[in-house]
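Participant: predicted model and sequence follow; I will ask about them next.
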Amino acid sequence: MEIRQIEAVLAIAENGSFRKAARQLYLGQPTLSHHVRSLEVELGVALFERSATGTTLTRAGQQLTPRFTRMLATIEQLGQDAAELAAGGAGRVRVAAVSAAIAPAVIPALQQLQSTHPRLGITLTELLPSAIEEAVRSGVADIGVVARSGTATPVEEHEVLQTGTIGLIVSSGSTLAAVRSITRDQLVDEQVILLPHGHLLRKLADGYFSDGMLRNAYEVSHHSTVEHLVSAGLGIALGPYRTPRRNDPTVYRPIADAQLDWTLLMTTHHTPSAVAAVVASAISQSFRDLTAAAQG
């Protein structure tokens, strides 16, 4: 299958005439007819029907023409992407990510890209998980890093970046810090700190904590505020497992009476541009480095 064959079919479908299509493509009509006929032979189906009133697509032609359009657009995009990469990675890629992924992995990836592709522009937007996949689907973002509850299996357009378990984040000076694992019964007198609806941790908190604890909870907008409140001994919060750090004002404690898992996924368009693929690869590598460091 050749580009000129696809261009011939699309031009005829647009014009409804071999003669007009040949004029549009600056080809002789016999040459145009040869391109179409050779493609029909290759595919084993007729693409057009000729009549006194003009040329129309067959049923097979109607089904295949949208695919030809996408193929041609992909080929044209490939040429543009190759030119951008040859120019040192010029272009702009839009990344939407959950806040929990930005500091530990997305920012290191951007730092690496700044040195390897200095002309590459990146727009980084922090969004709620519920908005990220829609942003990618609608074309507002090229790459999305989204969190989901539970475990996930990689599917087309989704790559699993990281998995883990959710536990409790408590002040290092609280009595709970001395407990190896915690149950709900030990939390009845604790103040819960919540993120807004739409966050994965809020969804998990709504399912884990009692209604009474949720009614009296603090609600804040950012993960950093959660950390500050917990550090000050003003409450507890759900959070992902993290490696213990010396003199850390907050500590992670496992939950004994529930299994709360999370997965970070990267989602892209069906056919990401070459520059978007470069950014996606860098983010993926950054998460692999993060996982290796935690295991080492």
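Facilitator: Structure received. Numbers count the residues shown, from 1 in each chain.
Participant: please, where are all the strands along the stretch 151-296 of the chain?
Facilitator: Ranges of strands in the stretch 151-296 of the chain, per DSSP state E, counting those that start in this stretch, are 158-171, 193-194, 218-219, 237-240, 250-253, 261-268.
Participant: now find how far off-centre the first one is within its chain.
Facilitator: Relative to the mean C-alpha coordinate of its chain, strand 158-171 is positioned 17 Å out (Cα atoms, centre = their mean, to the nearest Å).
Participant: in it, what counts as buried?
Facilitator: Neighbour counts using 16 or more other Cβ atoms under 10 Å place 158-164, 166-171 of strand 158-171 among the buried residues. Backbone N, C-alpha and C define where each C-beta goes, glycine included.
Participant: output it as PDB, restricted to C-alpha atoms.
Facilitator: C-alpha atoms of strand 158-171 as PDB (Å, rounded to 0.1, in the frame of the first residue of the first chain):
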ATOM      1  CA  HIS A 158      -2.400   2.600  29.500                       C
ATOM      2  CA  GLU A 159       0.900   1.800  31.100                       C
ATOM      3  CA  VAL A 160       1.200   0.800  34.800                       C
ATOM      4  CA  LEU A 161       3.800   3.100  36.300                       C
ATOM      5  CA  GLN A 162       3.600   2.200  40.000                       C
ATOM      6  CA  THR A 163       1.500   0.200  42.400                       C
ATOM      7  CA  GLY A 164       1.300   0.400  46.200                       C
ATOM      8  CA  THR A 165      -0.700   0.200  49.400                       C
ATOM      9  CA  ILE A 166      -2.500   2.900  51.200                       C
ATOM     10  CA  GLY A 167      -2.100   3.300  54.900                       C
ATOM     11  CA  LEU A 168      -2.300   6.000  57.600                       C
ATOM     12  CA  ILE A 169      -0.100   9.000  57.900                       C
ATOM     13  CA  VAL A 170       0.300  10.000  61.500                       C
ATOM     14  CA  SER A 171       2.400  12.500  63.400                       C
END
